[in-house]
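>>> my questions are about this predicted structure, shown below with the sequence.
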Amino acid sequence: MSAEVKCQRCGVVFKAKRSDALWCPECGKVRDKERARSYESRHKDICPRCGGPMLRRAEYCITCSNIVRGEKRRGANNGYWRGGETRANGYVYVRVSPEPGGAGGPYKAEHHIVWEEAHGLPLPDGWVIHHLNGIKDDNRPENLAAMPRNFHNPRLQFEPYQVRIHQLEAEVDELRKQIGTEL
């Protein structure tokens, strides 16, 4: 269905396929050429980061804009930021800056950090940190013990505590007898 429309540029009445047409075909071609020329003129601005061409209203060229956008969403500005900590296998890992020279990853086990701060020295090579109560995310200094890796097995860990456990169980039984009820 065609409609008779008056061209907004030259004022000629023409048959258009759409009733919302604004320009006759000749004026439309002229307008398209003008838009193309204006688009080319927009590339005369220079990017402040790299010196390349950029659009008139842009802050940076397309390449630099992508880089800046990525920088703006790092760390605490990222939607997935969890305060610089993550968990894996029950342990808590904290985001730290890499060591001088670029060595080390971005995350370090929190129990290693707490033990090193409490004792003022780095963990020796071949040593591990053991959680005395068995709870991997309980990183209080009094719950952490450093030991050589070859001593880190359940049989060797709990033998020294077995005597104390038996003493405490005996005390609980004695208290139950005194009270006369089971706890």
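Arrived safely, thanks for sending. Residues are numbered from 1 along each chain as shown.

>>> quick one: residue 110 from residue 23, how far?
Using C-beta to C-beta, to the nearest Å, one gets 68 Å for the distance from residue 110 to residue 23. Yep, even glycine has a C-beta here, placed from its N, CA and C like the rest.

>>> residue 177 now?
103 Å.

>>> then residue 54?
Counting by C-beta to C-beta - residue 54 and residue 23 are separated by 30 Å.

>>> between those two, who's got more neighbours?
Each of residue 54 and residue 23 has its neighbours counted (other C-beta atoms under 10 Å); residue 54 has more, 23 against 19.

>>> so what's that one up against?
Taking C-beta atoms under 8 Å, 6 or more residues apart in numbering, we find residue 54 in contact with 43, 45, 46, 47, 60, 61, 62, 64.

>>> repeat that with 6 Å
Neighbour list for residue 54: 45, 47, 61 [criterion: C-beta atoms under 6 Å, 6 or more residues apart in numbering].

>>> backbone dihedrals for the residue nearest to residue 152 when sequence neighbours are not counted, please?
Excluding its sequence neighbours, the residue lying closest to residue 152 (C-beta to C-beta, 6 or more residues apart in numbering) is residue 128, at 5.1 Å. Main-chain torsions, residue 128, degrees, to the nearest 10: phi -130, psi 160.
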